[in-house]
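S.K.: could you look at this predicted model? Sequence included:
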Amino acid sequence: GENVEQHPSTLSVQEGDSAVIKCTYSDSASNYFPWYKQELGKRPQLIIDIRSNVGEKKDQRIAVTLNKTAKHFSLHITETQPEDSAVYFCAASRRGGGNKLTFGTGTQLKVEL
Amino acid sequence: GAVVSQHPSWVICKSGTSVKIECRSLDFQATTMFWYRQFPKQSLMLMATSNEGSKATYEQGVEKDKFLINHASLTLSTLTVTSAHPEDSSFYICSAKSGTGPNQPQHFGDGTRLSIL
């Protein structure tokens, strides 16, 4: 089955700096890669997703890049703010996989003032 | 749009009790819903896929007789933890897939924190 690895497990940045979280996946048939933000005790919220037919997608301060050959994808947050502090999860889903998501282990992002 | 409501948000009960958790898609129809379990500071682990009008598909290692899933309508799926024991204490979260076609976004409920005494 699919295996998704996520790094780093914790990330601390200064407000205004950029943050990058990286994930790798094992199943070459995976073609959908969402990113979720989860604040403590709350629901995961979809912040951005990318499909395998594109290499990059951007939404304001958030961008995701995908390298299908290397089977890795990354989340980029620019101009970080304290409210960006949360746990971020990457996930992957394969075609024909019943829309099941396999999640990474999560990254605790802390944006310090 | 794409709001998922989960109820209850918190349950504390005695060992041996059965607990039912509801997951509703409020503003869209969801033929497929998913149930996850999340331990503190860990990732989301898929327990089962709930399909409207048919039997749920359970992940390896998840006891179907322990975790009963019913998806009787396009907007409601329920998870019943039967004869719950302390090791079943966890954060249970549902999600619903919006839109038709493959690989559509999943939207999550607020989760249910289950504590078995």
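M.R.: Sure thing, it's come through.
S.K.: report the buried residues of stretch B:76-84.
M.R.: Buried residues in stretch B:76-84, counting neighbours by 16 or more other C-beta atoms under 10 Å in any protein chain shown, are found at B:Leu76, B:Ser77, B:Thr78, B:Leu79, B:Val81, B:Ala84. No exception for glycine: its C-beta is placed from N, CA and C like everyone else's.
S.K.: show residues contacting the helix or strand hosting the third one.
M.R.: Assignment of secondary structure by DSSP states H and E places B:Thr78 within strand B:76-81. Surrounding strand B:76-81, the residues in contact under the criterion C-beta atoms under 8 Å, 6 or more residues apart in numbering or on different chains are B:18-25, B:30, B:33, B:35, B:47, B:50, B:52, B:66-71, B:88, B:92, B:94, B:96, B:114.
S.K.: again, only this time at 7 Å
M.R.: Residues outside strand B:76-81 that contact it (C-beta atoms under 7 Å, 6 or more residues apart in numbering or on different chains): B:18-24, B:33, B:35, B:50, B:67-71, B:88, B:92, B:94, B:114.
S.K.: go on, stretch B:46-56?
M.R.: A:98, A:100, B:31-37, B:57-59, B:62, B:67, B:69, B:71, B:73-74, B:77.
S.K.: just the buried members of these?
M.R.: Applying a neighbour-count criterion of 16+ other C-beta under 10 Å, the buried members of the contacts of stretch B:46-56 are A:100, B:32-37, B:57-58, B:62, B:67, B:69, B:71, B:77.
S.K.: of all those, which comes closest to A:Thr65?
M.R.: Nearest to A:Thr65 among the buried ones among the contacts of stretch B:46-56 is A:Lys100, at 23.5 Å by C-beta to C-beta.
S.K.: who in chain A is up against chain B?
M.R.: Contact residues (C-beta under 7 Å from any C-beta of the partner chain) of chain A with chain B: A:31-32, A:34, A:42-44, A:46, A:49, A:51, A:89, A:93, A:95, A:98-101, A:103-106.
S.K.: give me the number of residues near A:Gln6?
M.R.: Neighbours of A:Gln6 under the rule other C-beta atoms under 10 Å in any protein chain shown: 20.
S.K.: tell me who's in contact with it.
M.R.: For A:Gln6, the contact set (C-beta under 7 Å, 6+ apart) comprises A:Ile21, A:Cys23, A:Cys90, A:Gly104, A:Thr105, A:Gly106, A:Thr107.
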